[in-house]
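Novice: coordinates for the following, if possible.
(2 chains)
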Amino acid sequence: MGDDLAAKVMAADKAAVAQALNLVEDRRAEAHDRVAALLDALRGSDRAARGHRVGLTGPPGVGKSTLAAVVARELRARGRTVGVVAIDPSSVRSGGALLGDRARMSFDPADQGVFIRSFATAGDPGGLSWAANAAVRVLAAAYDVVLVETTGVGQTETDVEHVADTVALVVQPGSGDVLQFLKAGIMEIPDVLVVNKADQVELARRTVADLRGALHNVRAAGVLGGEVPIVSTSARDVTGVGELVDVFDAHRAALEDEGLGARRLGGAVAWASALFRRAHGEHGVATMGGPEALRARLAEGLRSGTSPVALSQALGAEYLETVRSGPH
Amino acid sequence: MSSRKRERDRPWIMRTYAGHTNAAASNALYRSNLEKGQTGLSVAFDLPTQTGYDPDHVLARGEVGKVGVPVAHIGHMRALFEGIPLEKMNTSMTINATAPWLLALYLAVADEQGAKRPDLRGTVQNDVVKEYLSRGTYIFPPAASLRLTADVITFAVDEVPSWNPINICSYHLQEAGATPVQELAYALVTAIGVLDAVKATGRVSDEDLGRTVGRLSFFVNAGIRFVEEMVKMRAFVELWDRITRDRYGVEDPKHRRFRYGVQVNSLGLTEQQPENNIIRIVLEMLAVALSKDARARAIQLPAWNEALGLPRPWDQQWSLRAQQILAYETDLLEYDDLFGGSRVVEERTRELVEEASKEIDEVLSRGGAIEAVESGYIKQRLVESNAARLRAIESGEMTVVGVNRFETTEPSPLTASLDDAILRVDPEVERAEVAAVAEWRRGRDAAAVQKALDALRRAAESGDNVVPASIAAAHVGVTTGEWGGALREVLGEYRAPTGVSGARVNAGNGGAAAAEVERLRGELRRLESALGRRPKMLVGKPGLDGHSNGAEQIAIKARDVGFDVVYEGIRVTPEQIVASALEEGVHLVGLSILSGSHLELVPEVVRRMGEAGLGDVPVVVGGVIPEADAERLLAAGVARVYTPKDYALNAIMADLVRLMDDRVSHG
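Specialist: Sure thing, here's the model as predicted:
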């Protein structure tokens, strides 16, 4: 059944994609093997290998979901299919979430080339949704480009690096705090910087100049290698969107020559290690020889073709065996 | 000197908000209302007309002739006022995004009747800001809308000088949950935004600004707390006088007068013991009639049975008689202002003025009304206020007679046959209108239509006033959908913030209701374990109805008890709802419809759900749905129907949990 579902996902059958996403969200123990089997089956996807995963992150209110919608529309106009993962925070008190991104992303419901799924961060404090890692892999097997739009608070910016080939940080004109964070190294330097709401022309121009200055300082300190492109967009007036897609494509093309494999492997290691830590805690990590040793084992396993979910399960079994077989 | 006056004051203009089915049926209704002593007309347009679509557009499905009259072209406008001389009438039109167009059609018919424009009296609502916040019939982005608003105002001030070219609405803000302070503040910042936009056109000289300010009028709500509401009107008078003097330098006190019309509150009308509503309506009318210094210029009253469905002519007559008794039988109009010098009234007025001024400054510091709409600030405040109001009713903190107190009742003879106690629009009406508009298009001079639409597009692009081009288009038979289409091409379309995402999580202020929320959260955790993931719900508003309060409150409540809630905002098609339900992997779909189009739209959603393989996902519906219709919906496969009498949101949530439980145990 896993193979059958995987084949339909790879054929971009919407009902199958939806079903696969429901499955990867399922936290019941009995679902884990099926999730592992599905993700293993999807690893062979040629589309996923050739495709592009783009993360959009940034503070709340900068217009990320509207921007994601116009970027998706531009990609459709260029003949590419698009999957969107939109992540909103869950309420700590109720456990529920209002998933409002769809309201800003209306698409022709008959278009088979675009698929939008909203996720709540659920129990992951500040981070990407538990299921988002797997969801990105499902959508990458079905669609040419996967856009991941995050809540932009807390842990997500570093988490999004682990699922995206290209990370774009979206800010709005006059975001002084972002500037300070970048300079102070509190915020990771993204692959692309986007100044959205550039319809506020004068303020946007100044913000771009300030960002250039800040990046220059960081580069001078030797932290940063290459040039970080800065693109001004207006999701409202749909300006700068074509340029932004060109910049994304250029970043992806540059990765093709070097770094894509390493980057995706690094992301998979981080995810597998998070899965292992979630199941077995610090004791598990220590038993496997500490975080570095665990990561090395995971990288080795991943290179040999196992999926992160299956791999963390296998190492988990090994850990439990060690615990059972004697005092440590 | 005696406090009694020699002469009675002239009564306010008495109207009833009316229109349905088609132009001929509405014309007959208007004529009979005028015969009963109504002194003005208030035209209700159907939703396709309000949102710039012809009857044959996909989104018009189920909506034609439902909440008002369809006016797709000059032929309809002609028929609507057949035998009613426009130069003698005072006509109020509730029309906003398409206001330039409906005013153009009205003026074109006045031209045909030979009426002189300076003799025309009436009002176009023309306030799009509150459409983004509450009523939902906006089309264009805020800045473009404000420009069209200014077009109508500057045109009317020059050409139709006795016309009120805008009715700035606080009415809908209260319907969306606004407190008196919020109602004052947000209506007045809207007025400031409008006047700033008018000034920015450069078409009004400084000398003419006073005359323009003098033509602005307001459309206000009055709720059941009628003392505070009366005071609110006095606060409006004071604040507007101050704003027009200090911000716009208007010297003539006549031009600074706060002129307003009223529709009293519909939000507080109950489905339970609905006959009590006539008493509520009368008390609310007192709030706007009692103070001579702040009396309404025009009053329209809802009907006692609005929470049940569309009112019949007799229901509307009952409300009109209430106005006539107050104006002609009582001695109210024989006295000067009753409250000047009252310590209590003056103190409370001062408090409202101060608090509202603070909130006005807050919005202005955020860049003004348009910015506060685009950022979702105002919407979020309103959604929160409404949630607080509903919690107060549910907890019993606020008494609603017949709803949460004194619920036992004798059977009411008025609702003995509930299905006869409302008006029904024949479903054949829509088919006839669809055929007729195609026929109309065939019968026109196609070249003249093209030329008129090109001129309209050019005016929209260049920033010229679109009203003259619209009048020319009206004369050659352009349709409402064509007018809307041309302007959509040039100005673009807009989706407003829903206001729900930022709403704070709130379990209530202790007590039984809060305990119930905690219990429900436990239920949701239990369901999460059983389902493997958190129960997820889609809240959808199919059709053109923009009254989103119900959908928003359900969405927020569902989140507060622990659902993951996907809310897409207003104006989605059944096809979009089903696509979203599939992609999002929801366990439950909730639909909200208040326009009466439920029998057309809901079964279509259910049918398409089945076709998409989602037949096992329950669909529930909320809205103003008569009992017989509810049975038909249940027969069509709907799992639950909720109506205004289901005011207790916790009870609805408990019901949804039971529904999910059935599903878990069956599969």
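Novice: which stretches in the stretch 51-200 of chain A count as helices?
Specialist: Counting by DSSP state H, counting those that start in this stretch, the stretch 51-200 of chain A has these helices, from start to end: A:64-77, A:132-142, A:156-163, A:176-184.
Novice: repeat that for the stretch 201-350 of chain B.
Specialist: Under the criterion DSSP H, counting those that start in this stretch, the stretch 201-350 of chain B contains helices at B:206-215, B:226-246, B:277-289, B:313-324, B:343-365.
Novice: now distance to B:G68, mean pLDDT and mean neighbour count too, for those helices, in JSON lines please.
Specialist: Where you see a C-beta, it was placed from the backbone N, CA and C, and this is true even at glycine. Formatted as JSON lines, the entries for the helices of the stretch 201-350 of chain B read as follows, by distance: least, CB to CB, whole Å; pLDDT from 0 to 100; neighbours: other CB atoms under 10 Å in any protein chain shown:
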{"stretch": "helix B:206-215", "distance to B:G68": "25", "mean pLDDT": "92", "mean neighbour count": "17"}
{"stretch": "helix B:226-246", "distance to B:G68": "27", "mean pLDDT": "97", "mean neighbour count": "21"}
{"stretch": "helix B:277-289", "distance to B:G68": "21", "mean pLDDT": "97", "mean neighbour count": "21"}
{"stretch": "helix B:313-324", "distance to B:G68": "14", "mean pLDDT": "95", "mean neighbour count": "18"}
{"stretch": "helix B:343-365", "distance to B:G68": "31", "mean pLDDT": "97", "mean neighbour count": "16"}
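Novice: minimum distance to A:R206: which of these has it?
Specialist: Comparison of those against A:R206 by CB to CB identifies helix B:343-365 as nearest, at 21.0 Å.
Novice: and chain A, is that closest one touching that?
Specialist: No. Judged by CB under 8 Å from any CB of the partner chain, helix B:343-365 and chain A are separated, with a smallest distance of 15.0 Å.
Novice: so which of the helices of the stretch 201-350 of chain B gets nearest B:E604?
Specialist: When the helices of the stretch 201-350 of chain B are ranked by proximity to B:E604, the top entry is helix B:313-324, at 30.4 Å, counting by CB to CB.
Novice: residues of the helix ranked longest in chain A that come out buried?
Specialist: For chain A, the longest helix by residue count, based on DSSP state H, is helix A:260-287. Residues A:260, A:263-264, A:266-276, A:280, A:284-285, A:287 are the ones in helix A:260-287 that count as buried (16 or more other CB atoms under 10 Å in any protein chain shown).
Novice: one step back: Throw the helices of the stretch 201-350 of chain B into a markdown table and include distance to A:A15, thanks.
Specialist: Shown next, in a markdown table, are the helices of the stretch 201-350 of chain B (distance: least, CB to CB, whole Å):
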| stretch | distance to A:A15 |
| --- | --- |
| helix B:206-215 | 57 |
| helix B:226-246 | 53 |
| helix B:277-289 | 48 |
| helix B:313-324 | 48 |
| helix B:343-365 | 46 |
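Novice: A:V160 is nearest to which of those?
Specialist: Shortest separation from A:V160 across the helices of the stretch 201-350 of chain B is recorded for helix B:343-365, at 33.9 Å, computed as CB to CB.
Novice: wait, doesn't A:K183 sit right on A:V218?
Specialist: Yes. A:K183 sits in contact with A:V218 when judged by CB atoms under 8 Å, with a separation of 6.7 Å.
Novice: contacting residues for B:D252?
Specialist: B:210, B:214 (CB atoms under 8 Å, 6 or more residues apart in numbering or on different chains).
Novice: one more time with 6 Å
Specialist: By CB atoms under 6 Å, 6 or more residues apart in numbering or on different chains, the contact list for B:D252 reads B:G210.
Novice: so how far is B:L209 from it?
Specialist: With the distance defined as CB to CB, to the nearest Å, B:D252 ends up 11 Å from B:L209.
Novice: isn't B:M398 up against B:R391?
Specialist: No. Counting by CB atoms under 6 Å, B:M398 does not reach B:R391; the two are 9.1 Å apart.
Novice: the more surrounded of the two?
Specialist: Neighbour totals were compared for B:M398 and B:R391, and B:R391 leads with 24 against 17 (other CB atoms under 10 Å in any protein chain shown).
Novice: distance of that one from chain A?
Specialist: Here the distance between B:R391 and chain A works out to 15 Å (CB to the nearest CB, to the nearest Å).
Novice: could you check the pLDDT of that residue?
Specialist: Reported pLDDT at B:R391 in the predicted model: 88.
Novice: for my notes, confirm it occurs in a helix.
Specialist: Yes. Checked against DSSP: H, G, I helix; E, B strand; the rest coil, B:R391 lies within a helix.
Novice: what does chain A have sitting close to chain B?
Specialist: The interface of chain A toward chain B, taken as CB under 6 Å from any CB of the partner chain, is made up of A:15, A:18, A:21-22, A:25-28, A:31, A:91, A:93-100, A:102-103, A:109, A:115-118, A:120.
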